[in-house]
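Novice: Below is the sequence, then the predicted model.
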Amino acid sequence: MSVALSRCLCRVLSRQTAPSSFLLGEHHHAVRSPWFAPVMTLKTSAPLRAEPKKKKKVDPRREQLARERLRKKLKRLEKVPPEFIPIEDFITPAKCLDETRERSAPKLSFEESERRAMMLKEWCRYKQDQHMAEMEAVELALEAQREALEELKLESEELYQAALKPDPLLFPFTHEGPTHTPPITQYEAPDGKYTDITKVYTQ
Amino acid sequence: MQQKKMAAPCRRMASRSLLQFLSSFSRTAVGNTATRPFSSTSVCRAALQTKDATDRATSSWTLMAAVCLQRLPVITADYSPIEERFQQLLHQMEQEKSLLSDHEIKLLEDAERMSRKQADDYDSDEEDDHGDQDIVLAQDLEDSWEQKLKSFQPAPRVRADVDKELTSPERCLANSLLLLAEQEVGGQKLWLLPQTQWQQGETLRQTAERALASLPAGFKATFLGNAPCGVYKYKLPKAARTESSVGIKVFFFKAVLSDGGPPAAPNPSLLWLKKSELQRYLKPAYMMKVEPFILEL
């Protein structure tokens, strides 16, 4: 059966090779390539021996889809909201809750507690008077300025308008406030060395 | 043309009649409807400008601007007796409510260890934690810190001799000082805030800046805003009154002396005074107007 088949194949091929050799006229005299070897011999060559891999086009796509699904799951897991930076001031350090640090609270006599209560009330009254005096002083100053602007308006409209304009060069205005002792003339302050141990948080 | 012919008191009447004339003219005008509104507004604007000029010309007050230059306090003020007592009370109360600090704990431990060492049945083998710390006691640290503080000499807060010199800006560092200049006004030499007359074409603030610059000592100051903070007006005596000036209006502008200026040589015609000392140098009516805006806060 296979011999008959091979004979048929041989005849077909011989018919085919004739015109093909006619086409490749130049190479007719050249060494015959293995691709055009007569099938009668049925030489087993390397390509014929190996099993052709059945490459399904769907497979690489399936792998890619699987990888994408995994990636999406990872992204969802990683989408954790960033941790808040702790405010150091709001956390009581453990040192302060230590019981061994508590002072022995002195017992106040009646006179002492009375004196303290009276002192607090006196201070309250003093501060209130101070505040009222400040408010009054500010009111008087404002009244003086209002009067000045009124007089200016009676004088000339354009000077009044010029006075009302805000001064762009005034701000930013800085002034060194009062200290406990006056500055020493031509004093060279010694360089202070310090190591900065503030904790830096990254989100 | 018509405006110049009209006398000052009847200028309002004149402008009204002008407008009536214009409106009648515009109603009868044939053709140029586009130029009608243009001409009336230009004439109105011209009328306003000339009205301002005539106002200034007919106003009988001479304008002057003065500068209120303040040297702000350099050191903190002393405590009043009640403030002192309250400060002590607060300190005491806070100490009672507080916890022991690390330094205080070390002091207590050291004292305890000392007492244990000096006891008869002292066994140094029991002390296994603090072998090296016997060298430096907390008390020694405290003493060394106090020594360091004593080696630094701060500048004295109060210098009695400088305080008496009224011409020096370094006096009374705890109060804010005001600059007074002796200027001739109406033939009299008076102590007042440095002032100068206003000239056409400048704002009042520029006049005040000029007044400051005209002083013999070169002061560097920051003016606080364009608006005046007070006004003092007075009428001239009848002998000195002219057609153009019945009286004088002085507008005050506040300024703050800025640091970094060259230390000025003390000038006898310039005084630096506290608010309480102003009474001796200023005239009562002038003082009444100047007092409100000088804040001793």
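Specialist: That came through fine.

Novice: Please name the nearest non-neighbouring residue to B:Ala227.
Specialist: Excluding its sequence neighbours, the residue lying closest to B:Ala227 (CB to CB, 6 or more residues apart in numbering or on different chains) is A:Ala163, at 4.7 Å. Placement of C-beta: from N, CA and C, glycine included.

Novice: Next, work out how far apart the residue in chain B sticking out farthest from the centre and chain A are.
Specialist: Going by CA atoms, centre = their mean, the residue of chain B most distant from its centre is B:Asp121, 72.8 Å out. Here the criterion is CB to the nearest CB, to the nearest Å. By it, B:Asp121 lies 26 Å from chain A.

Novice: Kindly list the main-chain dihedrals of that residue?
Specialist: Note on B:Asp121: backbone dihedrals following degrees, to the nearest 10 are phi -90, psi 70.

Novice: and stretch B:196-215, is it in reach of chain A?
Specialist: Yes - contact of stretch B:196-215 with chain A (CB under 8 Å from any CB of the partner chain) involves B:Thr203, B:Leu204, B:Arg205.

Novice: neighbours around the residue nearest to B:Ala227, how many?
Specialist: A count of nearby residues for A:Ala163, using other CB atoms under 10 Å in any protein chain shown, gives 20.

Novice: Now do the SS call for it.
Specialist: Look at A:Ala163: counting by DSSP: H, G, I helix; E, B strand; the rest coil, its state is helix.

Novice: what residues are up against it?
Specialist: By CB atoms under 8 Å, 6 or more residues apart in numbering or on different chains, A:Ala163 lies in contact with A:Leu149, A:Leu152, B:Thr203, B:Leu204, B:Arg205, B:Asn226, B:Ala227, B:Pro228.

Novice: Just say helix, strand or coil for the last one.
Specialist: Spelled out, that is B:Pro228. coil.

Novice: for it, what are its contacts?
Specialist: A:Gln145, A:Ala148, A:Leu149, A:Leu152, A:Ala163, B:Ala65, B:Leu204, B:Phe251, B:Phe252, B:Phe253.

Novice: before we move on, back to that, need the residues of stretch B:196-215 next to chain A in a markdown table with distance to A:Glu176, secondary structure and neighbour count, can you?
Specialist: Below are the residues of stretch B:196-215 next to chain A laid out as a markdown table (distance: CB to CB, whole Å; DSSP: H, G, I helix; E, B strand; the rest coil; neighbours: other CB atoms under 10 Å in any protein chain shown):
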| residue | distance to A:Glu176 | secondary structure | neighbour count |
| --- | --- | --- | --- |
| B:Thr203 | 30 | coil | 17 |
| B:Leu204 | 30 | helix | 26 |
| B:Arg205 | 25 | helix | 23 |
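
Novice: Can you tell me which residues in the stretch 101-250 of chain B are near chain A?
Specialist: Counting by CB under 8 Å from any CB, the stretch 101-250 of chain B sits next to chain A at B:105, B:154-157, B:173-174, B:203-205, B:222-231, B:233, B:249.

Novice: Can you flag the buried ones in those residues?
Specialist: When burial is judged by neighbour count using 16 or more other CB atoms under 10 Å in any protein chain shown, the buried members of those are B:173, B:203-205, B:223-231, B:233, B:249.

Novice: List the backbone torsions phi and psi for B:Gln118.
Specialist: Taking degrees, to the nearest 10 as the convention, B:Gln118 sits at phi -80, psi -10.

Novice: what does B:Thr222 give?
Specialist: Torsion angles, degrees, to the nearest 10, at B:Thr222: phi -110, psi 120.

Novice: which residues of the chain score low on pLDDT?
Specialist: Assuming you mean chain A. Along chain A, segments meeting pLDDT under 70 span A:1-49, A:55, A:57.

Novice: Actually, chain B is the one I wanted.
Specialist: B:1-59, B:124-135, B:260-264, B:297.

Novice: Contacts for stretch B:187-197 next, please.
Specialist: For stretch B:187-197, the external contacting residues (CB under 8 Å, 6+ apart) are B:62-69, B:178-185, B:207, B:210-212, B:214-215, B:250, B:252, B:271, B:281-283, B:286, B:290.

Novice: related to what we said a few turns ago, let me have the contacts of A:Ala163 in a markdown table, extended by distance to B:Asn267.
Specialist: Shown next, in a markdown table, are those (distance: CB to CB, whole Å):
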| residue | distance to B:Asn267 |
| --- | --- |
| A:Leu149 | 33 |
| A:Leu152 | 31 |
| B:Thr203 | 28 |
| B:Leu204 | 26 |
| B:Arg205 | 24 |
| B:Asn226 | 29 |
| B:Ala227 | 30 |
| B:Pro228 | 26 |
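
Novice: can you map out the strands along the chain?
Specialist: Just going to use chain A. Counting by DSSP state E, chain A has no strands at all.

Novice: meant chain B actually
Specialist: Using DSSP E, strands in chain B cover B:61-71, B:177-185, B:188-192, B:195-197, B:221-223, B:230-235, B:247-257, B:270-273.

Novice: Include distance to A:Ser113 when you put those into CSV, please.
Specialist: Shown next, in CSV, are these (distance: least, CB to CB, whole Å):
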stretch, distance to A:Ser113
strand B:61-71, 45
strand B:177-185, 45
strand B:188-192, 55
strand B:195-197, 59
strand B:221-223, 51
strand B:230-235, 50
strand B:247-257, 47
strand B:270-273, 47
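
Novice: which stretch among the ones you listed comes nearest B:Asp143?
Specialist: strand B:61-71 (41.4 Å; CB to CB).

Novice: Show me what that closest one is packed against.
Specialist: With contacts taken as 3 or more CB pairs under 8 Å, 6 or more residues apart in numbering or on different chains; DSSP states H and E, strand B:61-71 sits against strand B:177-185, strand B:195-197, helix B:204-213, strand B:221-223, strand B:247-257.

Novice: Given that strand, what are its sheet partners and their directions?
Specialist: Strand B:61-71 has its sheet partners listed here by DSSP bridges as strand B:177-185 (antiparallel), strand B:195-197 (antiparallel), strand B:247-257 (parallel).

Novice: Output the helices and strands packed on strand B:61-71 in CSV; the columns should cover distance to A:Pro172.
Specialist: Output for the helices and strands packed on strand B:61-71, formatted as CSV (distance: least, CB to CB, whole Å):
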stretch, distance to A:Pro172
strand B:177-185, 25
strand B:195-197, 30
helix B:204-213, 20
strand B:221-223, 11
strand B:247-257, 14
